[in-house]
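Undergrad: fold the following, please.
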Amino acid sequence: MLPFFTNPYPNELIYSAIARYHFYSGNIDCKDTLEELFGNRSVIPSVGIGSYFSVLAEKLGAQYSVESLLANHTIYPYYASFLSKQRQQEILNDVKDDGKALYTRLGLVAGSICIKNGIYYCAICAKSDTEQYGEPYIHREHQLQGIDYCPHHEVLLREYPVIKDSRIKYIRFELNYMNLSELYEIDPHKEVSVYLAKQAYKLLHLPLHSLSMEDIISKYKVLLRKHNLITVSNRVRQHELYQAFKITFSRDFLKCYQSELSEEDEYNWIKVLTRKMKRHVHPFRHLLFLYFLKHDIEELVVPTKDLGPFGKGPFPCLNKAASHYKQLIIQKVEVTRDYKSKNLIGTFTCSCGFIYARKHTADMFEVGRVKAFGEVWIKKLEALEEETWSIRAIAKILGVDSKTIKRYLNGNAELKQVESHGCDNDKLGRYKQELLKGIEQYQYLTGTALREKFPKQYMYLYRYHNSYLESVLPKVQRKNKQTKTVEWSERDHQYVIQIKRLYRQLLQEHKPIRITKSILGRRLGILANLERHLDKLPKTNKLLNDITETVQDFQLRRCYKIIDELLKQNSTIDLWRIQRVAAIKSHHFHEIKPRLKRYIEMKQEVSKNGRTTS
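TA: Residues are numbered from 1 along each chain as shown. Presented below is the predicted three-dimensional model:
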């Protein structure tokens, strides 16, 4: 155990505390400091996290542990919540030892964005630390990739100007090298960036490994369901999600933070993030996604489980005629999707025969639409009719409209007006006059429009003199609509011209786009006809069969384009380089490799013959 150590300040990187120890210990050679702290003169200092923590914790004393150092004095918690449980355990083992695989496991090798090569500070924090502790120090919340603002003072971070001239040298903040000016550049993205900085700071203070990628995916599913972005089959509505995300963040902002999206890219980071994929997504992008979902980091820790759009059940029977009205006795729900609104609709069937449906966003005791009333309800209706209740009263008891009661009684029961119990005759007469004047004044208005203009008068007359109301309101004028015959042959010809033009444009795109029926249909606004009426469009169908690409066709086209560019540049053509640039998985690339070799040989032969001829 060391005789003394410069204990870390709040949120200070262990790297910074070691730099201070080196300064106050009087060691001239950094290797002496490494020997004292790690028992190893070959340790390479790491600003963000580090290694050999098991030795370091033992040297520092019982008040420190590997977990406490990792949780409180490194940037690791910024990444931890978005790693799998297995990966979290592997990283814990990495930092205990030499940490060779640490940054690869974190995804920093393949998935880094907004890389910070220097060390950053907040000018106001530096002043405050000097007043409180006598010196500035390196805050871990200022070193996070993608975070440009101090979460405490909401000012831009600045890069410390001192550069390391040795791999094993530790940098300690000194005030005379810092820019403490209060002048800052105007940033159009400040509001969002400050919010993200505050969320990242909260992320650092979550209990270590209280969350994992498995938990996060489950929570995302719940949040996306609230935004109506989950289908009946539990899949994410990627197109709607992409459109909504574009509205939340400007293209300039996403470009600034290296988080641009392409909907056509099957591996864009939002698709990777919302699917169960092993690919790493940077924590900053998770923060962007949570901002879009309007969800706070601290709320992630609250246990939640995706129980589907309507919950687990049981569900209430809403048959007012049944003795079990509002009791939770329906065990299952059938989920479908409304074709127009795309809302999820739940259908609930009770043993009493009552079947009702509602949206997933509605209250569980709210009926959206009754599909069947059932035998119990019908018997109650017949019993009330025999007791000579009025239509209006029966409707109120059974929780339906009067017209529904009349329809179920097959028109045999006359509409019995409610006695003027509770009705003010003076008010009734006054409202009649006011409504008549309104009808004369606004002769062009329909019954629905009059109801909106005179809601008070309309509702009073509807309750106490409905027959009068129906007699004075303008009748619905139904227009005879003539059905237009579609000239499919002409439309077929137009589609062929439009598709050929778009096809040529897509082939010229700098970033290749796979040619599919969906992409052609969506861009031309004719996808519905291509999906439902292709049998009436023979020329269009033939053209689509000729030009649309399979996944392998698209992979080959990407590779051919890369080969052509390399040949133009007279560069060496290596298959491994083509695979990497085209971003094709090895097992897929193995399938197309023979065709690529033939293509390369053919192009080289053509090029050689061209030179010989000339």
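Undergrad: not counting sequence-adjacent ones, nearest residue to S84?
TA: Closest residue in space to S84, ignoring its immediate chain neighbours: M213 at 4.8 Å, by Cβ to Cβ, 6 or more residues apart in numbering. For every residue, glycine as well, the C-beta is placed using N, CA and C.
Undergrad: Q145 too?
TA: C114 (4.9 Å).
Undergrad: about what we covered before: so what's the residue nearest to S84 up against?
TA: With contact set as Cβ atoms under 8 Å, 6 or more residues apart in numbering, M213 has these partners: 82-85, 87.
Undergrad: filter those down to just the ones in helices.
TA: Cross-referencing the contacts of M213 against helices under DSSP state H gives 85, 87.
Undergrad: for Y120, list the residues it contacts.
TA: With Cβ under 8 Å, 6+ apart, Y120 has these contacts: 142-143, 157-160.
Undergrad: of those, buried ones?
TA: Buried residues within these, counting neighbours by 16 or more other Cβ atoms under 10 Å: 142-143, 157-158, 160.
Undergrad: sketch out the low-pLDDT regions of this structure for me.
TA: Scanning the chain with the threshold set as pLDDT under 70 gives 109-111, 165, 277, 303-307, 339-342, 361-362, 410-424, 444, 476-484, 610-614.
Undergrad: again, only using 50
TA: 411-421 (pLDDT under 50).
Undergrad: domains of it?
TA: Annotated domains of the chain cover 14-188, 211-300, 425-472, 489-546, 552-613 [automatic domain parsing].
Undergrad: could you work out the end-to-end span of the fourth one for me?
TA: So the one you mean is domain 489-546. 19 Å (Cα to Cα, to the nearest Å).
Undergrad: equivalent analysis for the longest one, please.
TA: Domain 14-188 has an end-to-end distance of 34 Å (criterion: Cα to Cα).
Undergrad: contacts only, for Y177.
TA: 160-162.
Undergrad: returning to that earlier point: export the buried ones among the contacts of Y120 as CSV, with columns for secondary structure.
TA: Putting the buried ones among the contacts of Y120 into CSV (DSSP: H, G, I helix; E, B strand; the rest coil) gives the following:
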residue, secondary structure
H142, helix
Q143, coil
L157, coil
R158, strand
Y160, coil
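Undergrad: farthest-apart pair in the residues you listed, please.
TA: Q143 and R158 (12.6 Å; Cβ to Cβ).
Undergrad: isn't L534 up against K542?
TA: No: contact criterion Cβ atoms under 8 Å: L534 and K542 do not qualify, at 10.3 Å.
Undergrad: so which of these two has more stuff around it?
TA: L534 (15 against 11; other Cβ atoms under 10 Å).
Undergrad: which residue packs closest to that one, ignoring adjacent ones?
TA: N541 (5.1 Å).
Undergrad: if you count contacts, what does the host helix or strand of that neighbour end up packed against?
TA: In the assignment (DSSP states H and E), N541 maps to helix 538-547. Here helix 538-547 touches helix 488-507, going by 3 or more Cβ pairs under 8 Å, 6 or more residues apart in numbering; DSSP states H and E.
Undergrad: what's the helix it packs on in contact with?
TA: 513, 515, 519-520, 523-524, 526, 529, 533, 536-540, 543-544, 547.
Undergrad: among these, the buried ones, what's the PyMOL command?
TA: Here is the PyMOL selection string for the buried members of those, based on 16+ other Cβ under 10 Å:
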select buried, resi 513+515+519+520+526+529+537+540+543+544+547
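Undergrad: state the distance from the residue nearest to L534 to E549.
TA: Noted for N541: a distance of 16 Å to E549, by Cβ to Cβ, to the nearest Å.
Undergrad: again with Y24
TA: From Y24 to E549 the distance is 66 Å (Cβ to Cβ).
Undergrad: please say which of these two ends up with more neighbours.
TA: Neighbours per residue, other Cβ under 10 Å: of Y24 and E549, the larger number sits with E549, 16 against 12.
Undergrad: surely that one meets I515?
TA: Yes: counting by Cβ under 8 Å, E549 touches I515, with 4.8 Å between them.
Undergrad: how far off centre is stretch 129-148?
TA: Distance of stretch 129-148 from the chain centroid (Cα atoms, centre = their mean, to the nearest Å) equals 32 Å.
Undergrad: endpoints of that stretch, how far apart?
TA: Using Cα to Cα, one end of stretch 129-148 lies 20 Å from the other.
Undergrad: report the buried residues of that stretch.
TA: Within stretch 129-148, the residues that qualify as buried are 129-130, 135-148, counting by 16+ other Cβ under 10 Å.
Undergrad: likewise stretch 227-234?
TA: Within stretch 227-234, the residues that qualify as buried by neighbour count (16+ other Cβ under 10 Å) are 228-231.
Undergrad: just how off-centre is it within its chain?
TA: 12 Å.
Undergrad: now that stretch - C-alpha only, PDB.
TA: Output of stretch 227-234 as PDB, limited to C-alpha atoms (Å, rounded to 0.1, in the frame of the first residue of the first chain):
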ATOM      1  CA  HIS A 227     -45.400   6.500 -30.200                       C
ATOM      2  CA  ASN A 228     -47.400   4.000 -32.300                       C
ATOM      3  CA  LEU A 229     -44.300   2.800 -34.000                       C
ATOM      4  CA  ILE A 230     -44.700  -0.900 -33.300                       C
ATOM      5  CA  THR A 231     -46.700  -3.100 -35.700                       C
ATOM      6  CA  VAL A 232     -49.200  -5.900 -34.800                       C
ATOM      7  CA  SER A 233     -46.400  -8.400 -35.300                       C
ATOM      8  CA  ASN A 234     -44.100  -6.600 -32.900                       C
END
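Undergrad: who touches it?
TA: Stretch 227-234 has contacts (Cβ under 8 Å, 6+ apart) with 221, 224, 236-237, 240-241, 244, 293, 309, 335-337, 342-344, 360-361.
Undergrad: distance to C350 added to the domains of the chain, as a markdown table?
TA: As requested, the domains of the chain are arranged in a markdown table below (distance: least, Cβ to Cβ, whole Å):
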| stretch | distance to C350 |
| --- | --- |
| domain 14-188 | 42 |
| domain 211-300 | 22 |
| domain 425-472 | 31 |
| domain 489-546 | 36 |
| domain 552-613 | 51 |
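Undergrad: skip the chain neighbours and tell me the closest residue to S42.
TA: Nearest non-adjacent residue to S42, counting by Cβ to Cβ, 6+ apart: L34, 7.7 Å away.
Undergrad: secondary structure element for the one you found, which one?
TA: Assigned by DSSP H and E, L34 belongs to helix 30-38.
Undergrad: my guess is V55 contacts E36, does it?
TA: No: V55 lies out of contact with E36 (Cβ under 8 Å); the separation is 10.8 Å.
Undergrad: just the CA atoms of the one helix or strand D426 maps to, as PDB, please.
TA: Taking DSSP H and E as the criterion, D426 maps to helix 425-441. In PDB, the C-alpha atoms belonging to helix 425-441 read as follows (Å, rounded to 0.1, in the frame of the first residue of the first chain):
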ATOM      1  CA  ASN A 425     -89.900  25.300 -21.400                       C
ATOM      2  CA  ASP A 426     -88.800  29.000 -21.600                       C
ATOM      3  CA  LYS A 427     -85.200  27.900 -22.500                       C
ATOM      4  CA  LEU A 428     -86.600  25.300 -24.900                       C
ATOM      5  CA  GLY A 429     -88.600  28.000 -26.800                       C
ATOM      6  CA  ARG A 430     -85.700  30.500 -26.700                       C
ATOM      7  CA  TYR A 431     -83.200  27.900 -28.100                       C
ATOM      8  CA  LYS A 432     -85.700  27.000 -30.900                       C
ATOM      9  CA  GLN A 433     -85.900  30.600 -32.000                       C
ATOM     10  CA  GLU A 434     -82.100  31.100 -31.900                       C
ATOM     11  CA  LEU A 435     -81.500  27.900 -33.900                       C
ATOM     12  CA  LEU A 436     -84.200  28.900 -36.500                       C
ATOM     13  CA  LYS A 437     -82.500  32.400 -36.900                       C
ATOM     14  CA  GLY A 438     -79.200  30.700 -37.300                       C
ATOM     15  CA  ILE A 439     -80.500  28.400 -40.100                       C
ATOM     16  CA  GLU A 440     -82.000  31.400 -41.900                       C
ATOM     17  CA  GLN A 441     -78.800  33.400 -41.600                       C
END
